[in-house]
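Asker: The following comprises the amino acid sequence and a computationally predicted model.
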Amino acid sequence: MGKITVILGHCRSKNGHAPFVFIGYQFLWDAVTCALLVVALLVVVPANRVREAWVGFLNMQVITWAVGTLLVDYGLTVCPVRVFPLATRGDFVGDYFIYPGVAVLYYFLIPKRSRSGKVWFTLAGSMIMAAWDYFMQKLTDLQEYVR
């Protein structure tokens, strides 16, 4: 399945280094993505619709938690580097912050009138998230697809 390394904890990697050796680019990937997402959410979500954004965010967390848990339990994905290794075997930052945050951005940015605009926006958003996921998998050890 791969090596098991935790970002914060007492585990060691397969080469015997302390887990802090691996924080560098793994932590940087999540930190930069989260920072960009927070800025985008602050810019896009109007102050009078924050409650609406929270409802969408929390609903998407339920979906990503369920799907992420099923993917890990059925062995379709492995997360060798985890923030909370004793709490979950999945990608905590992605499942609980990044994907729900992107869903809120999608909700507030999608064009309201044009059907073709909605289709193109959905395709572009899907391609951007697929590219982010692909590069996350190739450049970091945060997630690996088994099958």
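Answerer: It's in.
Asker: CA only for contacts and neighbour counts going forward, please
Answerer: Fine.
Asker: And the next helix or strand past the helix or strand where Gln61 lies?
Answerer: For Gln61, the host element (DSSP states H and E) is helix 50-73. Counting by DSSP H and E, the next helix or strand C-terminal to helix 50-73 is strand 77-78.
Asker: what's the offset of that following strand from the middle of its chain?
Answerer: How far strand 77-78 lies from its chain's middle: 14 Å, per CA atoms, centre = their mean, to the nearest Å.
Asker: Tell me where the protein is predicted with low confidence.
Answerer: 1-24 (pLDDT under 70).
Asker: cutoff 50 now
Answerer: 1-22 (pLDDT under 50).
Asker: so Leu142 touches Arg89, yeah?
Answerer: No. Using CA atoms under 8 Å, Leu142 makes no contact with Arg89, being 11.0 Å away.
Asker: So the two - more neighbours on which side?
Answerer: Taking neighbours as other CA atoms under 10 Å, Leu142 and Arg89 compare with Leu142 leading, 26 against 19.
Asker: wait, Pro100 sits on Phe57?
Answerer: Yes. At 5.0 Å, Pro100 counts as touching Phe57 under the criterion of CA under 8 Å.
Asker: Surely Lys112 forms part of a strand?
Answerer: No. In this structure, Lys112 is coil, not part of a strand, as judged by DSSP: H, G, I helix; E, B strand; the rest coil.
Asker: So what's the residue count around it?
Answerer: Neighbour count of Lys112, defined by other CA under 10 Å: 10.
Asker: Sketch out the helices for this protein, chain order is fine.
Answerer: Under the criterion DSSP state H, the chain carries helices at the ranges 23-44, 50-73, 92-93, 99-109, 115-139.
Asker: As CSV, these with mean neighbour count and distance to Arg147 would be great.
Answerer: Below are these laid out as CSV (neighbours: other CA atoms under 10 Å; distance: least, CA to CA, whole Å):
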stretch, mean neighbour count, distance to Arg147
helix 23-44, 14, 22
helix 50-73, 16, 10
helix 92-93, 18, 21
helix 99-109, 19, 21
helix 115-139, 13, 13
